[in-house]
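**Q** Sharing a sequence plus its predicted fold:
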Amino acid sequence: MSDLADDPIRRIVVGYTANDSGADALALATRLARASEALLDIVMVLPSEAHASTVPTDTGYERYLKEQSRGWLAEASESLDDDDVDVAQLLHIRYAESFAEGLIAAAHEFGAALIVVVAARGGLLGRSRIGSVANELLHSSDVPVALAPAGSRDVPVAQGVTRVTAAIGTRPGADALLEASVRFAVAAHVPLRLVSLVSVDLPAGLDEGLAALTSTVHADEVLLAARRELPDYLDATSTAATGATVEEAVRGLDWHVGEVVLVGSSRLATPRHLFLGSTAAKMLRELPVPMIVVPRTTTP
Amino acid sequence: MTHQPEPQAPLTEATVAVDGSEHGITKKGLSAGSVGLIGAIVIGISCIAPAYTLTAALGPTVSEVGVQVPAIILVGFIPMLLVAFGYRELNRRMPDSGTSFTWATRAFGPWIGWLAGWGLVAATILVLSNLAGIAVDFLFLLISQIAGNPEIADLATNPFINVTVCLLFVLGATWVSYRDMQTTQKLQYWLVGFQVVVLVLFAVAALVEVANGNAFDATAIELSWFNPFAVESFSAFAAGLSLSIFIFWGWDVTLTMNEETKGSEKTPGRAATITVVTIVVLYLLIAVALIAYAGVGTGEYGLGNPDIQDNVFFHLAGPILGPLAVLVSLAVLTSSASSLQSTFVSPARTLLAMGHYGALPEKFAKVSPRFFTPGYATIVSAIVASVFYAVMRFLSEDVLWDTITALGMMICFYYGITAFACVWFFRRIWWRSVRNFFFTLLFPLVGGVILGVLFFTTLIDSMNPDYGSGSNVFGVGLVFVLGMVVLLSGVAIMLWQAWKRPAFFRGQTLSRAAAED
């Protein structure tokens, strides 16, 4: 596992749109890139007209869109420069049939270790929901996806990343998750915290006392096993989260402002593709910090 | 946009390198604008929306030229083709989302350019309201056919119900356009295929009924139907022509759509040819079949009956197809629905360009950062179309009919200006080659002159209160009033904008120019 440390996070792709959502994604991406000393690839994905079926394509309008997008990208880049953010950036315009598809293609093209998008675009009820782009990414990406909570743009970049938390279970996918977490923690030079949600991640209806007992023991085992895997030089701690529900467990933990949480994708996902499980989805609603979803088996 | 000043962003190390190939080549090696032959034909047919166009235009055309509709369809294609050639030349030289507006401004300066843009926007907004109006009729017809209750179809004549449903249609279309939700190509192929098959079925069924002696007013098919010189008067001829311009309107997109397709220079031409041959054959077949079946008299189902003229399929589908009439309703509904979306794009993109060059408030140039559509312009177009339809529906019983006629006039206006803009813009290179002579001088000039003549003839004739549906305002034909109100309000808004935003009108944002090579 120690070889992971030699594989730094070189590039981070952020899906940018010229609105608040885009600003949220960009802010988080910049923070992550700065912390891990990665190159930031700011990507705008324009609709490819190759699939146009109803509306006639128009070269003039396409050029207009491209110019407009260039302007938007330049403004975004300029705003980073204004803030004295010392992050190397590249600006890209890509065409794809969907935003998510374009981002995945860009991540492959650049060999990026992470795609950053906004988690939701202002749910109607003010609740944090998964937006359509994030949702599509979570269903099809083989690259880890960071979900920026709304309001990420208000967190100063200088905040950096102060700790990486990996929410591990015993289920398949934990290995990839552990690897990715180590990689991020090493890249950002911050401690790693392992959190086991085993105690709450149980089917309903089990005898509570028994469940609590077995699960606590189980959680400790899991954490112990996981810690054995970690490289020695990494500053790591572990906690078994407790609570009747995932939400309660998440609230029960302490969170740094500069924390980043990694979770594994669901067992329902096809290998090497992301899919947010129910536990992770519940966590997302409750978490005050950004979440990164890691595919079950990351690309070798 | 070709004449856009460089974005004001400083060229920092980061910003110089916005990478992304010049023509938006995707990873698949396709140009961003590449659609392919079949795709282009399908979009072309879906833009023209033959089912919708014919049901709206056949009646008014019959009322002008009687049985010579097939002749008018054939002749009407000529000016359209000639102008489309000029359109293609301009689009090649100055691809710009403002099309007629930008080109006319480049050739003739801001004032004429502004009015050309206004003509385009007004025409497309008129057709939006008409499309939605036709869709409403057929929605109620469809429901009544499925429910087996003919009274439901009559609900569409209640202006309150009609306007409400129509506004809902426009709202839906706006939503879809704003979010750029396009159906999948496959579904679109099926919809267009369905539309064509149903129209053929409709025409064949009408001919079979004629052969079986069940026709409403069997009229023997004659060769003279195809003879444009058999039309009674020049006025009727001109009015018919300006209507038939409307039926081919939208076809030009196939000519310009995939100019940039790599390695397939013949695709646009081929797509345009196949599209137009399909459309002309379809139009002729239906026109002949329906005239043979129903005649041009004023009887219950006669094509000359003013009560059915603004929507002939609506009235004839039942008698001809019996229970299968439901197919016609479906075909017209889907045809108008997909046409609504492609039609929305046109005024929105032109308004966007006008906002961009400072001919209108800057808000119009706003692109939705999420959907990459001209959001503000789309919404404004929708509101104007809705208000227009609502007012007209209460003003005139035959709103659909009169808007179609006024529409023909507006198309002649801005297409004519576009044709002349082409001629003038390329004035210095007319003689450089034979090709230039035909495509930048002769064809657009002849096309422009024809459209100009049609415009003025229609304008003068429409002052007669009996013109079109016979609706009138204070003894002046409604079509004339409509055309004048639209044009003069354009002039008024232009003057207001000239006062508010003088830069564009001084030629500071978009200057006059001529092609030099």
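**A** Cool, got the structure. All values reported here derive from a predicted model rather than from experimental measurement.
**Q** who's in contact with residue B:305?
**A** B:297-299 (C-beta atoms under 8 Å, 6 or more residues apart in numbering or on different chains). (Glycine included, C-beta is placed from N, CA and C.)
**Q** Out of these, list just those in helices.
**A** Per DSSP state H, helices hold no members of the contacts of residue B:305.
**Q** any idea which of the residues you listed is closest to residue A:75?
**A** residue B:298 (64.5 Å; C-beta to C-beta).
**Q** list the contacts for that closest one?
**A** Listed by C-beta under 8 Å, 6+ apart, the contact set of residue B:298 reads B:304-306.
**Q** so what's residue B:260 scoring on pLDDT?
**A** Residue B:260 carries a pLDDT value of 48.
**Q** again but with residue B:6, I slipped
**A** If you check residue B:6, the pLDDT there is 36.
**Q** Then residue B:219?
**A** Among the per-residue scores, residue B:219 shows a pLDDT of 83.
**Q** and residue B:149, how far is that from chain A?
**A** Distance, residue B:149 to chain A, by C-beta to the nearest C-beta, to the nearest Å: 33 Å.
**Q** sec struct for that residue, please.
**A** coil (DSSP: H, G, I helix; E, B strand; the rest coil).
**Q** ok, now which ones touch it?
**A** Here residue B:149 is in contact with no residue (C-beta under 8 Å, 6+ apart).
**Q** What of the one 5 residues further on?
**A** Going by C-beta under 8 Å, 6+ apart, residue B:154 touches residue B:140.
**Q** In helices, which of the contacts of residue B:298 appear?
**A** Using DSSP H, the contacts of residue B:298 in helices are residue B:306.
**Q** Just put the contacts of residue B:298 in TSV and tack on pLDDT and distance to residue A:196.
**A** Shown next, in TSV, are the contacts of residue B:298 (pLDDT from 0 to 100; distance: C-beta to C-beta, whole Å):
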residue	pLDDT	distance to residue A:196
B:304	82	84
B:305	84	81
B:306	81	80
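**Q** quick one: which of the contacts of residue B:298 is nearest residue B:494?
**A** Comparing these against residue B:494 with C-beta to C-beta places residue B:306 closest, at 36.3 Å.
**Q** Test for you: state the pLDDT assigned to the residue nearest to residue B:59 when sequence neighbours are not counted.
**A** The shortest distance from residue B:59 to any non-neighbouring residue, by C-beta to C-beta, 6 or more residues apart in numbering or on different chains, is to residue B:309 (2.9 Å). Looking at residue B:309, its pLDDT is 81.
**Q** Which residue comes closest to residue B:366 once chain neighbours are left out?
**A** Of all residues not flanking residue B:366 in the chain, residue B:376 sits nearest, at 4.5 Å (C-beta to C-beta, 6+ apart).
**Q** packing partners for the one helix or strand the one you found maps to?
**A** Assessed by DSSP states H and E, residue B:376 sits inside helix B:375-395. Judged by 3 or more C-beta pairs under 8 Å, 6 or more residues apart in numbering or on different chains; DSSP states H and E, helix B:375-395 is in contact with helix B:110-147, helix B:159-178, helix B:325-356, helix B:399-425.
**Q** Could you say which of those helices is packed most deeply?
**A** The highest average neighbour count among the helices and strands packed on helix B:375-395, using mean count of other C-beta atoms under 10 Å in any protein chain shown, belongs to helix B:399-425 at a mean of 27.
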